[in-house]
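S.K.: predicted model follows, preceded by the sequence.
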Protein chains: 2
Amino acid sequence: MIPDFEITVLGNTSSIPVHGRNHTAQILRFGQDFLLLDCGEGMQIQARKYKIKISRIKHIFISHLHGDHYLGLVGLLSSYHLAKRETPLTIFGPRGLDEIITTHFRWSDTKIGYQINFVQTKTDEMNLLLDENLFQVYSFPLKHRIPTTGFLIREKFGLRSLVKEKIEKKELSIEGIKSLRAGIDYYSQEGEIFKVKEYTYPLPPLRSYAFCSDTIFDPSLKNHIGRADLLYHESTFMEQDRERAGLTFHSTAKQAGEIAKLCGAKKLLLGHFSSRYAKLEGLLAEAQSEFPESELSEEGQTYVI
Amino acid sequence: MIPDFEITVLGNTSSIPVHGRNHTAQILRFGQDFLLLDCGEGMQIQARKYKIKISRIKHIFISHLHGDHYLGLVGLLSSYHLAKRETPLTIFGPRGLDEIITTHFRWSDTKIGYQINFVQTKTDEMNLLLDENLFQVYSFPLKHRIPTTGFLIREKFGLRSLVKEKIEKKELSIEGIKSLRAGIDYYSQEGEIFKVKEYTYPLPPLRSYAFCSDTIFDPSLKNHIGRADLLYHESTFMEQDRERAGLTFHSTAKQAGEIAKLCGAKKLLLGHFSSRYAKLEGLLAEAQSEFPESELSEEGQTYVI
């Protein structure tokens, strides 16, 4: 069975939270695993609104230390503490996040009752952060005003499904079955060869999701994210504000489209919209002019990868 | 004309923000002045929901450094910066708040474009924090797990209204009018005495609001807040959880009622409700058993003082 791989957008705005839009936070679900990508202010309220069980999150990834990407984190950690969480939590983020969090808890005189592991992301090169049975998470550098990384979540080769009709006719040891499911041809003690190609179904293509939170237009992204099935790329501005995008190290929707085309992404998800745009159709049109498979991220919406 | 004096409740919950309730934040309006009392996470979203112009706030008061009372502050300061605020802002709060805020802005590499003045509150004695033309703000100590203050906002003697019928019959200089309105008898150059009592209406009674955010049951509060027209007193728990209230330095609704009775308050407003109570009628009933003029604070509701 192919595990579910999807994200739910909790916030799609940049800067000032107006028009009923919230700051960046995304829940990524891979099978039974829940990851949190960025954690803007109000993330908990948004998660409850959309019926997401925040207690299931074990790994949190923070792209950078601008407030609209992490100001909900201390509140979330406090809620876990108050709810008597026991499961350890790992937080990946740039240098400084550790100090910010410990400063809060020092002044509130809070001894967090569960284990928090801080892992400092390297903001100058691609790095493997998490290697689970079925997927991996990498960080990669984004070009922004302060050290920033994106995150790439890639499915790993899983176990293959057996062609039951063929297997049932044979006497195959458990060892043999394990070997075939892992994709390794098996030679039985009786000298028979069991070919993976013959006794298992082909694996489906491996899926990937690239999360580019805040970045200036940067064609070198291609080197890091490859052909993502779903590319989330910030699109703070429209073309009329392109100069401002450059000055603030952000991208226009059209530039996000260009990146998606360049990388050969299957689909582009837009977000991090400036508060200056009450309506977002213009951003979508500009992205689609470069990359037709573009979509506006909507809060509460789940996107299958 | 008597200036409006009212508060709008933006959040009424403690600890984990569930049941659609938000963390503590209140907007106090005195005439044209807007103050913010505590600033829980999501304060900006709540303020917009209830059509409050946050740009008009010039003074912010933070009672203590537990996250549910100030985690919306850094986001608010950032929004002011992004909106190109020019008006200086003064923040009153306990030791540590300054460090927390500067730590955030150091890591986000943000040079705030308007003046922020930090004023450290004394958490062991009553203090005058702000002395405006028409009102004053005092801090006073609350007994909580970490250093905490409440805030008392008291109307000052304002200008008196003239008895027009009597004044119109006289030739009174501008100086004379100013004197009478300020409550000082006036002796004209011609030797005539204008008595304040005769030429002005009596001043209405002075109004006051006491804000007690987080505190254990503490009868000594009476010494600080006196006969407040409106007393906001936390009521985190019901009587069935009285022991827990003591352990966590919080109060029950009944205890809030006892304090209101003891102080001779005109009205009691309850808030900071524990997430364990989905419905709040029980808290109200317990407070009213001690003090009939009790009311549950509701988010978005404005209470006239």
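M.R.: That came through, no problem. Residues are numbered from 1 along each chain as shown, chains lettered A, B, ... in the order given.
S.K.: isn't A:Leu128 right next to A:Phe135, touching?
M.R.: No. Using C-beta atoms under 8 Å, A:Leu128 is not in contact with A:Phe135; the gap is 11.4 Å. C-beta here means a position set from N, CA and C on the backbone, and glycine is covered the same way.
S.K.: mind checking pLDDT for the closest residue to chain B within the stretch 151-300 of chain A?
M.R.: Closest approach between the stretch 151-300 of chain A and chain B, counting by C-beta to the nearest C-beta: A:Ser275, at 8.1 Å. As predicted, A:Ser275 sits at a pLDDT of 94.
S.K.: is it part of a helix or strand, or is it coil?
M.R.: Three-state assignment for A:Ser275 (DSSP: H, G, I helix; E, B strand; the rest coil): coil.
S.K.: burial count for it?
M.R.: A:Ser275: 17 surrounding residues under other C-beta atoms under 10 Å in any protein chain shown.
S.K.: and it, what does it touch?
M.R.: Taking C-beta atoms under 8 Å, 6 or more residues apart in numbering or on different chains, we find A:Ser275 in contact with A:Thr13, A:Ser14, A:Ser15, A:Ile16, A:Pro17, A:Val18, A:His19, A:Arg21.
S.K.: closest to B:Arg85 among these?
M.R.: Using C-beta to C-beta, A:Ile16 comes nearest to B:Arg85 of those, at 11.2 Å.
S.K.: for the contacts of A:Ser275, pick the one with the most neighbours.
M.R.: Most surrounded of the contacts of A:Ser275: other C-beta under 10 Å gives A:Ser14, at 28 neighbours.
S.K.: roughly how far apart are that one and chain B?
M.R.: Distance of A:Ser14 to chain B, given as C-beta to the nearest C-beta, to the nearest Å: 9 Å.
S.K.: ok, now which ones touch that residue?
M.R.: A:Ser14 neighbours (C-beta under 8 Å, 6+ apart): A:His23, A:Thr24, A:Asp68, A:Asp214, A:Glu234, A:Thr236, A:His250, A:His272, A:Phe273, A:Ser274, A:Ser275.
S.K.: can I get stretch A:120-128 in PDB, CA atoms only?
M.R.: Taking Å, rounded to 0.1, in the frame of the first residue of the first chain, the C-alpha atoms of stretch A:120-128 are listed here in PDB:
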ATOM      1  CA  GLN A 120      20.800  23.600  13.900                       C
ATOM      2  CA  THR A 121      20.400  23.700  10.100                       C
ATOM      3  CA  LYS A 122      23.300  24.600   7.900                       C
ATOM      4  CA  THR A 123      22.200  27.500   5.800                       C
ATOM      5  CA  ASP A 124      24.900  27.300   3.200                       C
ATOM      6  CA  GLU A 125      24.600  23.800   1.800                       C
ATOM      7  CA  MET A 126      22.100  21.000   1.300                       C
ATOM      8  CA  ASN A 127      21.800  18.600   4.200                       C
ATOM      9  CA  LEU A 128      20.000  15.400   5.200                       C
END
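S.K.: can you tell me how far the residue lying farthest from the centre of chain A sits from B:Pro205?
M.R.: Going by C-alpha atoms, centre = their mean, the residue of chain A most distant from its centre is A:Glu190, 47.1 Å out. For A:Glu190, the distance to B:Pro205 equals 102 Å [C-beta to C-beta, to the nearest Å].
S.K.: so which of A:Leu128 and A:Phe135 has more stuff around it?
M.R.: A:Phe135 (23 against 11).
S.K.: beta partners of A:Arg29?
M.R.: For A:Arg29, the residues forming beta bridges with it (DSSP bridges) are A:Glu6, A:Phe34.
S.K.: tell me the pLDDT at it?
M.R.: 97.
S.K.: next one: the one 10 residues further on
M.R.: Predicted confidence (pLDDT) for A:Cys39: 98.
S.K.: do the same with A:Met1
M.R.: 68.
S.K.: same check, this time on A:Leu82
M.R.: So A:Leu82 comes in at 94 (pLDDT).
S.K.: separation between the nearest residue to A:Val163 once chain neighbours are set aside and A:Lys156?
M.R.: Closest residue to A:Val163 apart from its sequence neighbours, by C-beta to C-beta, 6 or more residues apart in numbering or on different chains: A:Tyr199 at 5.6 Å. Counting by C-beta to C-beta, the gap from A:Tyr199 to A:Lys156 is 21 Å.
S.K.: now swap in A:Arg29 and tell me
M.R.: 16 Å.
S.K.: same question, A:Glu165
M.R.: In terms of C-beta to C-beta, A:Glu165 sits 28 Å off from A:Lys156.
S.K.: how is chain A divided into domains?
M.R.: Annotated domains of chain A cover A:5-158+A:203-304, A:164-199 [automatic domain parsing].
S.K.: other SSEs contacting the helix or strand hosting A:His59?
M.R.: Per DSSP states H and E, A:His59 falls inside strand A:57-61. Where contact means 3 or more C-beta pairs under 8 Å, 6 or more residues apart in numbering or on different chains; DSSP states H and E, strand A:57-61 is packed against strand A:33-39, strand A:89-93, strand A:135-142.
S.K.: how does it look with 7 Å?
M.R.: Under the contact criterion of 3 or more C-beta pairs under 7 Å, 6 or more residues apart in numbering or on different chains; DSSP states H and E, strand A:57-61 touches strand A:33-39, strand A:89-93.
S.K.: now do the same contact list for the nearest residue to A:Gly72 once chain neighbours are set aside.
M.R.: In space, A:Gly72 comes closest to A:Met43 once its chain neighbours are excluded; the distance is 3.6 Å by C-beta to C-beta, 6+ apart. By C-beta atoms under 7 Å, 6 or more residues apart in numbering or on different chains, A:Met43 lies in contact with A:Leu10, A:Ala25, A:Gly72, A:Leu76.
S.K.: run the last query once more with 6 Å
M.R.: A:Leu10, A:Ala25, A:Gly72 (C-beta atoms under 6 Å, 6 or more residues apart in numbering or on different chains).
S.K.: take those and keep only those in helices.
M.R.: Counting by DSSP state H, these place none of their members in helices.
S.K.: tell me the pLDDT of the closest residue to A:Tyr138 other than its chain neighbours.
M.R.: Once flanking residues are discounted, A:Tyr138 sits nearest to A:Leu152: 4.4 Å by C-beta to C-beta, 6+ apart. Per-residue confidence for A:Leu152 comes out at a pLDDT of 98.
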